[in-house]
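> need coordinates for the following:
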Amino acid sequence: MGTEGASESRNTAAVEDVAHLLVRCFQAEGVEYVFGIPGEENIRFVDALNDSGIRYILVRHEQAASFMAEIYGRLTGRAGVCSATLGPGAINLLLGTADAMTNSSPMVALAAQGSLRRIHKESHQVIDLVSMFAPVTQWSARIECPDAVPEMTRKAFKTAQSERPGAVFLAVPEDIEAERPAEPLAPLQIDAVHTDAPSPSQISRAVEVIAAARHPVVLAGHGAARAGATASLVRFAERLNIPVATTFHGKGVFPDDHPNSLGAVGFMRHDYSNFGFDTADVLICVGYEIQEFDPVKINPNGDKRIVHVHRFPAEVDAHYPVAVGVEGDPSQALDALEAALPDGLTYDFGSNEKVRTLLDEELQYGRDNEAFPLVPQRVVADVRTALDRRDIVLADTGAGKMWMSRLYPTYEPDTCLVSNGLSTMGFALPGAIAAKLARPDRRVLAMMGDGSFLMNSQELETAVREHVPLVVLVLVDEEYGLITWKMELELGRHSHTRFTNPDLVAYAQSFGARGYAIEAADQLLPVLRRALDDDAVSVIACPVDYSENLRLTDRLGSLHGPF
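Numbering: from 1, shown residues only. Model (predicted):
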C-alpha cells in the first residue's frame, strides 16, 4: 500500500508543470498571499494557485501589488510576493520593489517573460527585465530551466529574508512555465541561519567607548524594530539612564511615553530631538541604517564616536565614523553590553525633559485648536486619540508624513509606517490592505495627502471586493504641500504644485466604500472612531491648513540649545 502510494505520488509529480512546482515551492515557504494582475503569459501560474491555500489578491494596478507585498513583508518578516505579466506589467512592479529594497523589507517580485525562443531579439512586449530590476534588488534572475525552480525559489526567499532584508526579482518565461522537469522535484528544505551572538572582543571594545563617554545617546533604527529589540533597549536605557531617540522607521521600538524617550529624528530641519544629539560625544546606534536619514543631521562635524550595533556592518559615510562595530542580534548585543558595563555607571542628561515638553506642547496646541481647515497638529492629536496603542497607521509621503513622523506618539514597533528609504508617494492605501491582511486583529488607518491618494485610489475597489476593512484619511489641501513647503523655504515662492480634486465622498461611495466629509474641527475625532469601528472601507476627506508648515520651520530655526 505504502509503495503504491509513493509510486502514485511520483507519477503525479512527474506530470507537474513548472507553474504547479512553483506554487508548491511557495507553499513550502509559507506564502499566504500573492498580490497581482494576471496576464496572458502567466495564466498557468495563476491557475495553479487555485486550491493551493495561497490567496491571490487581484489588484487594479501592479504598482499597488508591489506596495502590498512590501508592507506584508515588513510586518511579518516573511517575504511578500507580487506577480505581474511581462513588459508593462513587470515595469509597474518596479517602484514598490525599489521601495522594499530601500526600506529593507523582504519581497519576492515575480513576472512573466517572453519565451526563450524570442527573448534574444526584438519581440513584442519583451525587454530585459532582469537587467531592469538588478539595481533595485538583492538578486535578479530568470528561470531558464524547469529543474532549477526549487533551487531558485529557495534562493529568492532566503536572499529576501536575509540579515538585511530586501527585494528579489524572478522572471519566468512563458514556455518555461508550461514545461515539466526531467524528473519529479520537491521544494528544498528551508534553512534559517543567523550569526546572533556578538563577538566578546567587540563587546569589550564597545564597553570601553561607552564607559569613557560623558553624554552618550542611543539611536534606534529600523533594524532594531525588525529584531524586536524593545525590551533590551528599555533595560539598557534604564540601566544607564541614557536617552533614546528613534528614526522614522524605528518609531515605537522605544515607547514614546517612556521617560528616556527623545522622540524621532529625521525631519528636514533641526528638530527638538536633534538637540539631544548636539552635546552627545558617543552615539550608540542600534539597528540604524544610513538610508533612513542622513547622519550629518546628528553628527555635522563627524567628531562623535559611534558604536554601531547591527547584524551587518555600517555603510561608509564621513559623518558616520564607526569606532566599534558590534555585529549580531541587536537584543543579544544590548544585553551583552549591559552585562559587561561597570557597576554604578550612569549618566545625567538634561535635554530629555525639555524635548518631551516641547513635543507635548505641540500636541496640546493641536488638541485645543478649533480652526477649520484643521491644523496638522490637530489631525495628529485626533489620530493618536482614535487609535489604540497596537493599531497601525500608514503615513504616506508628503507634509502629513513629516507631521506624523516627528509628532505622533508611538508605543510599539511597526505601528506607524512610513517610507523613508525611497519616500514613495501612493503606498499607504495598498499598504493598508496588506497591513490588515497581515494583522487582522489590528485596526488600520491610511493617512494620505490628496496628491498621494489619487495615485492609487483605485485600490479602494480591491479593498471593498476583498472585504478588507480599513480607513483612509485624506488630508485635503489641493496641492503637493511638501513641495510647496520646500519651495517656500528655499526660494521664497512656489509654483506648479496646485490641483483640483473630485468630490471625494461621492468618489469613495462609487466604489462601494463609505465617505465622510469633515466640515468642522470637532468632527474629525468622532468620525475617525466611527469609521475605525465599522467593518467596512471608509474614506474621510479632511481639509488641512498647511500654513503651519512654515510657522514650524521658522520656530525651529529660531530655537537654540543646548536645552
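> give the next helix or strand downstream of the helix-or-strand element of the chain with minimal mean pLDDT.
When the helices and strands of the chain are compared on mean pLDDT, DSSP states H and E, helix 2-14 comes out lowest with a mean of 42. Per DSSP states H and E, the first helix or strand lying C-terminal to helix 2-14 is helix 18-28.
> list the buried residues for stretch 144-164?
Of all the residues in stretch 144-164, those buried under the rule 16 or more other CB atoms under 10 Å are 146-150, 152-163. Every C-beta, even on glycine, is put in place using the N, C-alpha and C of the backbone.
> of those, which belong to helices?
Counting by DSSP state H, the part of the buried residues of stretch 144-164 found in helices is V149, P150, M152, T153, R154, K155, A156, F157, K158, T159, A160.
> residue contacts, the last one?
Taking CB atoms under 8 Å, 6 or more residues apart in numbering as the criterion, A160 is in contact with G73, A79, P106, M107, V108, Q138, G166, A167, V168.
> how does it look with 10 Å?
When contacts are counted by CB atoms under 10 Å, 6 or more residues apart in numbering, A160 touches 29, 73, 78-81, 100-101, 105-109, 137-139, 166-169.
> any idea of the mean pLDDT in the lengthiest helix in the chain?
The longest helix of the chain (DSSP H) is helix 351-368. On average, the pLDDT along helix 351-368 is 87.
> over to stretch 435-448?
98.
> cool, and stretch 141-153?
The average pLDDT within stretch 141-153 is 97.
> low-confidence ranges, the protein, go.
Counting by pLDDT under 70, the chain shows low-confidence ranges at 1-15, 193-195, 268-269, 350-351, 558-563.
> if we use 50, what do you get?
Filtered on pLDDT under 50, the chain yields the residue ranges 1-13.
> would you map the helices across the stretch 1-150 of the chain?
2-14, 18-28, 43-48, 62-76, 88-92, 94-102, 129-133, 149-160 (DSSP state H, counting those that start in this stretch).
> could you dump the longest one to PDB, C-alpha only?
Right, the one you point to is helix 62-76. Provided in PDB are the C-alpha atoms of helix 62-76 (Å, rounded to 0.1, in the frame of the first residue of the first chain):
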ATOM      1  CA  GLU A  62       0.700  46.300 -10.400                       C
ATOM      2  CA  GLN A  63       2.300  49.100  -8.500                       C
ATOM      3  CA  ALA A  64      -0.200  48.600  -5.800                       C
ATOM      4  CA  ALA A  65       0.600  44.900  -5.800                       C
ATOM      5  CA  SER A  66       4.300  45.700  -5.100                       C
ATOM      6  CA  PHE A  67       3.400  48.000  -2.200                       C
ATOM      7  CA  MET A  68       1.200  45.300  -0.700                       C
ATOM      8  CA  ALA A  69       4.000  42.800  -0.900                       C
ATOM      9  CA  GLU A  70       6.400  45.200   0.700                       C
ATOM     10  CA  ILE A  71       4.200  46.100   3.600                       C
ATOM     11  CA  TYR A  72       3.200  42.400   4.200                       C
ATOM     12  CA  GLY A  73       6.900  41.600   4.300                       C
ATOM     13  CA  ARG A  74       7.700  44.400   6.600                       C
ATOM     14  CA  LEU A  75       5.100  43.500   9.100                       C
ATOM     15  CA  THR A  76       5.600  39.700   9.100                       C
END
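> perfect, that will be all.
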